[in-house]
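> Have a look; sequence and predicted model below, questions after that.
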Amino acid sequence: MSARLYKRPESILVVVATRGGEVLMLRRTQPADFWQSVTGSLRWGESPRSAAMRELWEETGIQTGSALVDLHHDVEFPILPAWRTRYTPSSRFNREHWFALWLPGRRLIRRNLDEHSEHCWLLWPRAAQRSSSWTNRDAILTIFGAAPGTPLWNFSRSGCAK
């Protein structure tokens, strides 16, 4: 079977943030109660920047142009067993490239309803805490100048800031 029939084990993460310190968080339809920033797999032959711009448009309706900031950071993490069939049998790890999009304020979001059931804007410590992914949490902390692993116990996990 051709490698192109499988997903590429490389993805992007885009933290969409306002100058006021809010972060856009999206709740996935599957798995249940999985909160994240904009994410997505790179297509074969696609650059991380192109994938980030495409995923932003597909998941939020936001077009970025030159405003997208490449954080020049990537992390590698194991592909969970439940998802491995999407990748070549030899693929065990995914490489995630980090980007940020800074907005002057909140934007109206055109959510992809097949992928996300809800979205909200949270102050960055709450967004980091709400994130279901350690890489997403660390990316949020990094863009706001906090060290990964910063204790976030002072912030409530409940509700979205509307």
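Right, received. Where do you want to start?
> Quick one: the helices in the protein, in order.
Along the chain, counting by DSSP state H, helices occupy 48-60, 124-130, 134-143.
> Just put those helices in TSV and tack on distance to residue 38.
Just so you know, the C-beta spots here come from the backbone N, C-alpha and C atoms, and that holds for glycine as well. Shown next, in TSV, are the helices of the chain (distance: least, CB to CB, whole Å):
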stretch	distance to residue 38
helix 48-60	5
helix 124-130	13
helix 134-143	10
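> Which stretch among those is buried most, on average?
helix 124-130 (a mean of 23; mean count of other CB atoms under 10 Å).
> Counting by contacts, list what that helix packs against.
strand 22-28, helix 134-143 (3 or more CB pairs under 8 Å, 6 or more residues apart in numbering; DSSP states H and E).
> mean confidence for the longest one?
In this model, helix 134-143 carries a mean pLDDT of 94.
> go on, stretch 66-79?
On average, stretch 66-79 scores 93.
> Please apply the same query to stretch 33-53.
The model assigns stretch 33-53 a mean pLDDT of 96.
> Now do it: everything it contacts.
3-4, 7-8, 10-16, 23-28, 54-56, 58-60, 63-64, 68, 70, 96-97, 99, 130-133, 136, 139-140 (CB atoms under 8 Å, 6 or more residues apart in numbering).
> in that stretch, what's buried?
35-42, 48, 51-53 (16 or more other CB atoms under 10 Å).
> So residue 125 versus residue 131, what's the distance?
Here residue 125 is placed at a distance of 11 Å from residue 131 (CB to CB, to the nearest Å).
> re earlier: quick one: closest of the helices of the chain to residue 115.
Smallest distance to residue 115 across these (CB to CB): 6.3 Å, for helix 48-60.
> how about the CA coordinates for that closest one, as CSV?
Extracted C-alpha coordinates of helix 48-60, given in CSV (Å, rounded to 0.1, in the frame of the first residue of the first chain):
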residue,chain,number,x,y,z
PRO,A,48,4.0,23.3,7.8
ARG,A,49,3.1,27.0,7.1
SER,A,50,0.7,26.1,4.3
ALA,A,51,-0.9,23.5,6.5
ALA,A,52,-1.3,26.0,9.4
MET,A,53,-3.0,28.5,7.1
ARG,A,54,-5.3,25.8,5.6
GLU,A,55,-6.3,24.4,9.0
LEU,A,56,-7.0,27.9,10.4
TRP,A,57,-9.3,28.6,7.5
GLU,A,58,-11.0,25.1,7.7
GLU,A,59,-11.5,25.2,11.5
THR,A,60,-12.2,28.8,12.2
